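Novice: Fold the following, please.
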Amino acid sequence: MRVLAVLFAVVSGLFLVTAPASASAPGLWRLTDLAARRVEIADRVAAAKYGTPSPIDDPVREQQIYDSVAARAPDLGLAQADAVRFFRAQIEANKLVQRGLYERWAAHPAEIPSPRPDLALLRPVIDRLNTDLLTELAATSTIRATRICPARQLVSAAVADVVHHFDALHTRALGTATAATCADREQRPGGV
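Specialist: I've put the predicted structure just below:
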């Protein structure tokens, strides 16, 4: 049933994903795909941390990301609160995957990845994804402020789910990551 629902969303919504809202407002595909890539990297982060003293929750690292995003947002024409809200969703999605994988590996130790990735080597990859996400967040400001944004976001997420071959855990994480894509109602023109 889930496959049929996703297939319907993909087929009925391809126009929403590919057709720009206007010449200056691209669709949400690239932003959603970047969020999906960030969800995927959570697997390697979990593998690097599992069984080590490194916790899933890392408030210091998270705050560094929020501070960096808030500092760079105005130069890109983004409200700091909007950018931080979006990145908070990315981090929560990443932690959701890590927790899910920890549970899976505790129940099935043979599935623990080996060798473990080096977390220090993953952080620059995450930083590049964050930069790309922030740039794309700015590029999609117009479409993210429209009433059609939630529909485009759902279709883009459904397509990304299929393209990235996500399981239930990663699909849920992508939903978390993309939930903050559209501007808050209060931030949309006319409050709508």
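Novice: which residue of the chain sits farthest from its center?
Specialist: Seen from the C-alpha centroid of the chain, the residue lying at the greatest distance (CA atoms, centre = their mean) is residue 110, 28.5 Å away.
Novice: Please determine how far residue 180 is located from residue 70.
Specialist: 15 Å (CB to CB, to the nearest Å). Every residue, glycine included, has its C-beta placed from N, CA and C.
Novice: Low-confidence ranges, this protein, go.
Specialist: Across the chain, the ranges flagged by pLDDT under 70 are 1-26, 185-192.
Novice: max-length helix in it?
Specialist: Longest helix in the chain by number of residues (criterion: DSSP state H): helix 80-107.
Novice: chain center to it: distance?
Specialist: Using CA atoms, centre = their mean, to the nearest Å, the distance from the centre of helix 80-107 to the centre of the chain it belongs to is 9 Å.
Novice: List the buried residues for that helix?
Specialist: 82-87, 89-91, 93-102, 105 (16 or more other CB atoms under 10 Å).
Novice: that's a helix at residue 181, yeah?
Specialist: No - the assignment for residue 181, made by DSSP: H, G, I helix; E, B strand; the rest coil, is coil rather than a helix.
Novice: Apart from its neighbours in sequence, what residue is nearest residue 99?
Specialist: In this structure, residue 99 finds its nearest non-sequential neighbour in residue 56, 6.1 Å apart by CB to CB, 6 or more residues apart in numbering.
Novice: Identify the residues contacting that neighbour.
Specialist: Counting by CB atoms under 8 Å, 6 or more residues apart in numbering, residue 56 touches 46, 49, 95, 98-99, 102.
Novice: Right, I'll leave it there.
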